[in-house]
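> Let's see this in three dimensions:
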Amino acid sequence: MDRKLALPLCLCLLLSSCATVDHTPASTPPSAPASSEPSAPAVTPAPAPEWGEQVYMTAFTAEGREAPVFVPEYRLPLIKNADGLPAYEAVNAYYAAALDDLAISSADLAAWAMDDFAVTQATGDPFFDYVDTESYELTMSTPTRVSVLRSHYSNSGGPYPTLYPLSDTFDLTTGARLEFAQLFSCPADEAKQRILECLLALNAQGAFSDTVLDETLVKNAFQEENFYLTESAFTVYFSSFDFPQAIGVPTFAIPYADLEDILLPWD
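Down below sits the predicted model:
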């Protein structure tokens, strides 16, 4: 046997023969203390929302006329698979309340329509049906956010109808409606100034229908809450009240790339 291996082997045998045999059962190593906090359950992602719509539509008639004098029609978003999902249910509740408000306002408008019809019956003037509608489109939908653009059209018999947009952006993980300031990492005033600068630059380029709008009008009419999101841009809009009727409803799409240093990310 190699001397280098024989010496350690002999030493091991010697130490083994001299060791005292202990019959005390070997102690088991202490187990780790049980955590007082329960482990977090696995989070199951919410299913993608299945979009439908909730509708209010009725007809108001007046004595002396077979056809209705006013047929309001309002269509707003509905998440069809919202049961048991608080965030989705919150979105549905928001639009259900909006629909209730529209129904109440339509009843007031119907009273005006009936009065106008009675007057035209007495004077022999023509009566023009009242119109009031609201529709919507999803301008962006991701796993965590949805942006909705609503369009409200109204005509109470005058020569010029009224068209104005409304918008809502929701966090689909909480159901909260997001305000302008909640989209940015910087203070709201700083974000507002940045958006206005981008807006004026786009206007100077004729970004809306190749038309350069009066800069003072744009500044005065700009409201930071009038926005919606698309797949590629933060979009600012105005209403038909803000500019002469012929201009319509100006919109300006500010690319996200121009705001990436202040926009909070989302999935």
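
> How about residues contacting stretch 251-267?
142-145, 182-186, 190-191, 194-195, 198-199, 202-203, 207-208, 230, 232-238 (Cβ atoms under 8 Å, 6 or more residues apart in numbering). Heads up, the C-betas are built off the backbone N, CA and C, glycines and all.

> same deal with stretch 218-232?
139-140, 145, 147-149, 165, 167, 169, 179-180, 188, 191-192, 195-196, 199-200, 203, 234-239, 242-243, 253, 255-256.

> The residues you listed in strands, which ones?
Judged by DSSP state E, strands contain the following of those: 139-140, 145, 147-149, 165, 167, 169, 234-237, 253, 255.

> Could I have the buried ones of the residues you listed as ChimeraX selection syntax?
Of the ones in strands among the contacts of stretch 218-232, the buried ones go into a single ChimeraX selection, burial set by 16 or more other Cβ atoms under 10 Å:
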select :139,140,145,147,148,149,165,167,169,234,235,236,237,253
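
> tell me which of the ones in strands among the contacts of stretch 218-232 is nearest to N155?
P165 (16.4 Å; Cβ to Cβ).

> and the closest one, what does it touch?
By Cβ under 8 Å, 6+ apart, the neighbours of P165 are L149, R150, S151, H152, N226, Y237, S239, V249.

> quick one: contacts for the residue nearest to the second one when sequence neighbours are not counted?
Translated: R150. Of all residues not flanking R150 in the chain, L166 sits nearest, at 4.1 Å (Cβ to Cβ, 6 or more residues apart in numbering). Contacts for L166 (Cβ under 8 Å, 6+ apart) come out as L149, R150, S151, H152.

> just the buried members of those residues?
Buried members of those, counted by 16+ other Cβ under 10 Å: L149, R150, H152.

> and those as a markdown table, adding distance to L109 and pLDDT?
Putting those into a markdown table (distance: Cβ to Cβ, whole Å; pLDDT from 0 to 100) gives the following:
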| residue | distance to L109 | pLDDT |
| --- | --- | --- |
| L149 | 23 | 98 |
| R150 | 18 | 98 |
| H152 | 12 | 96 |
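
> just the CA coordinates of stretch 44-58, formatted as PDB?
The C-alpha trace of stretch 44-58 is given here as PDB (Å, rounded to 0.1, in the frame of the first residue of the first chain):
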ATOM      1  CA  THR A  44     -54.900  34.100 -11.400                       C
ATOM      2  CA  PRO A  45     -54.900  36.800 -14.100                       C
ATOM      3  CA  ALA A  46     -58.300  38.100 -14.900                       C
ATOM      4  CA  PRO A  47     -59.700  36.900 -18.200                       C
ATOM      5  CA  ALA A  48     -59.600  39.400 -21.100                       C
ATOM      6  CA  PRO A  49     -62.800  41.500 -21.000                       C
ATOM      7  CA  GLU A  50     -65.500  40.500 -23.400                       C
ATOM      8  CA  TRP A  51     -67.000  43.800 -24.600                       C
ATOM      9  CA  GLY A  52     -70.700  44.400 -25.300                       C
ATOM     10  CA  GLU A  53     -72.900  47.400 -24.700                       C
ATOM     11  CA  GLN A  54     -75.700  48.600 -22.400                       C
ATOM     12  CA  VAL A  55     -78.400  50.500 -24.100                       C
ATOM     13  CA  TYR A  56     -81.100  53.000 -23.300                       C
ATOM     14  CA  MET A  57     -83.600  53.700 -26.100                       C
ATOM     15  CA  THR A  58     -87.200  54.900 -25.900                       C
END
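
> could you give the angle of the helix or strand containing T133 to strand 233-237?
Using DSSP states H and E, T133 maps to strand 131-141. Strand 131-141 and strand 233-237 are oriented at 160 degrees to each other (axes from the mean of the first three to the mean of the last three Cα atoms, to 10 degrees).

> Strands of the protein, residue ranges please.
Counting by DSSP E, the strands of the chain are 51-57, 73-79, 131-141, 145-155, 162-171, 227-229, 233-237, 251-255.
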